[in-house]
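1. here is my input, please return the structure:
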Amino acid sequence: GFADEGPVSKRAEEQLTMLRALGMSYYSIRFVDAGEGVKNVMKLSDAEIARLRELHEQFEVRVSSIGSPIGKIKLVDKEDGTHNIYEPFEEYLEKTVPRAIALAHAFETKLIRGFSFYPPKDADPWQFVEQAADYVGRIVEKCRAAGVYYGLEVEAYLVGRNGTLLRAIYDKVNSDAL
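-> Numbers count the residues shown, from 1 in each chain. Below is the predicted model of the structure:
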């Protein structure tokens, strides 16, 4: 579970206290205040990571997955009235994805939660399955090489917004890997 959906403050100690009170010993780390304000796991400083690791030991809690926003960017650099951002994929693959992998290693987890990219608003997502599958496949390869998994989450407005579309991406990634 996401511990950040409990305490409004998002303070690490409160999140971990809640987890233990519920009998949980694993969680997906996403938004947390580990001493320098509330931020997404991807933005944590080295000092915050070290602090969280100490707290995990004290509370006997482990991280099940990195709740990253990987794949929550536009596929096309086109203004479409949304707040979604566009980043050139090669740059994203070389900077953002390795950060998620480094966090998985730092928190000793094998799973990075991710997404399947935004097509232009009001576009037919089926037109973007190939591109999304190419990008997801390249992220999967980077993760595989580092010994971690990229787990896709279904979410509205993404190419993989439902089980059928997500399965099409999955099938395409796996057929390209053969």
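2. center of this structure - which residue?
-> Ser68 (2.3 Å; C-alpha atoms, centre = their mean).
3. nearest residue to that residue in space, ignoring adjacent ones along the chain?
-> Ala100 (4.5 Å; C-beta to C-beta, 6 or more residues apart in numbering). Heads up, the C-betas are built off the backbone N, CA and C, glycines and all.
4. which element, helix or strand, includes the one you found?
-> helix 89-106 (DSSP states H and E).
5. what packs against that helix?
-> Applying 3 or more C-beta pairs under 8 Å, 6 or more residues apart in numbering; DSSP states H and E, one finds that helix 89-106 contacts helix 46-59, strand 62-67, strand 111-114, helix 129-145.
6. tell me the pLDDT at the residue nearest to Ser68?
-> If you check Ala100, the pLDDT there is 98.
7. pretty sure it is touching Lys72, no?
-> No: counting by C-beta atoms under 8 Å, Ala100 stays clear of Lys72, with 11.8 Å between them.
8. the more surrounded of the two?
-> Ala100 (25 against 17; other C-beta atoms under 10 Å).
9. list the contacts for Thr17?
-> By C-beta atoms under 8 Å, 6 or more residues apart in numbering, the contact set of Thr17 is Phe59.
10. Three-state assignment for it, please.
-> In three-state terms, and counting by DSSP: H, G, I helix; E, B strand; the rest coil, Thr17 is helix.
11. cool, Gly35 as well?
-> coil.
12. that one - how many residues pack around it?
-> When counting by other C-beta under 10 Å, one arrives at 13 neighbours for Gly35.
13. so where's this protein uncertain?
-> Within the chain, the segments meeting pLDDT under 70 span 176-178.
14. got TSV for the helices and strands packed on helix 89-106, with mean neighbour count too?
-> Listed next are the helices and strands packed on helix 89-106 as TSV, based on neighbours: other C-beta atoms under 10 Å:
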stretch	mean neighbour count
helix 46-59	15
strand 62-67	22
strand 111-114	22
helix 129-145	19
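15. out of the ones you listed, the one nearest Asp80 is which?
-> Of all those, it is helix 129-145 that lies closest to Asp80, at 15.5 Å by C-beta to C-beta.
16. from the chain's centre, how far out does the closest one sit?
-> Using C-alpha atoms, centre = their mean, to the nearest Å, the distance from the centre of helix 129-145 to the centre of the chain it belongs to is 14 Å.
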